[in-house]
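Engineer: Take this sequence and fold it.
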Amino acid sequence: MDLPVRVNGKARIDYTQDTLFGPMAKHVECQVSLQQQPGWTVLKVFQPLPDDLHAAHTVVFALEGRRTSAIVKDRQRLSDHSLRLELETQ
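Structural biologist: Numbers count the residues shown, from 1 in each chain. Okay, the predicted model is just below:
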């Protein structure tokens with residue numbers, strides 16, 4: 001059994017949202033915690049974060065010199081006001 005890999009740090013997150021006028025690209029820099037295990041990835045984004053990040057459909061984030069592209073499969077606002085994104089990496 002592989003143990004999850006956890007990385008913490010500041011990441012630039014580029015994300016897209018589907019709108020009536022087509023996809024809208026945005027970006028933000030936030031403190032994050034990334035947990036990876038074969039088959040899934042969880043990105044926890046800490047405050048302050050933009051009000052619309054929870055509506056992102058795709059994300060590309062750079063953390064520790066690595067860029068990762070992913071589709072957001074599930075999202076959850078947590079009691080500490082952070083955002084938990086379950087991702088399918090591309």
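
Engineer: The helix or strand where residue 68 lies pairs with which strands, parallel or anti?
Structural biologist: Assigned by DSSP states H and E, residue 68 falls within strand 66-77. Sheet pairing of strand 66-77 (DSSP bridges) gives strand 58-63 (antiparallel), strand 83-89 (antiparallel).

Engineer: what is the rounded mean pLDDT of the last one?
Structural biologist: Regarding strand 83-89, the rounded mean pLDDT is 94.

Engineer: which parts of that strand are buried?
Structural biologist: 83, 84, 85, 87 (16 or more other C-beta atoms under 10 Å). Glycine gets a C-beta too; all of them are placed from N, C-alpha and C.

Engineer: same question, stretch 16-23
Structural biologist: Buried residues in stretch 16-23 (16+ other C-beta under 10 Å): residue 16.

Engineer: Equivalent analysis for stretch 23-36, please.
Structural biologist: 28, 30, 32, 33, 34, 36.

Engineer: which one of these sits closest to residue 64?
Structural biologist: residue 34 (8.9 Å; C-beta to C-beta).

Engineer: residue contacts, that closest one?
Structural biologist: Residue 34 sits next to 6, 7, 8, 11, 41, 42, 43, 44, 63 when contact means C-beta atoms under 8 Å, 6 or more residues apart in numbering.
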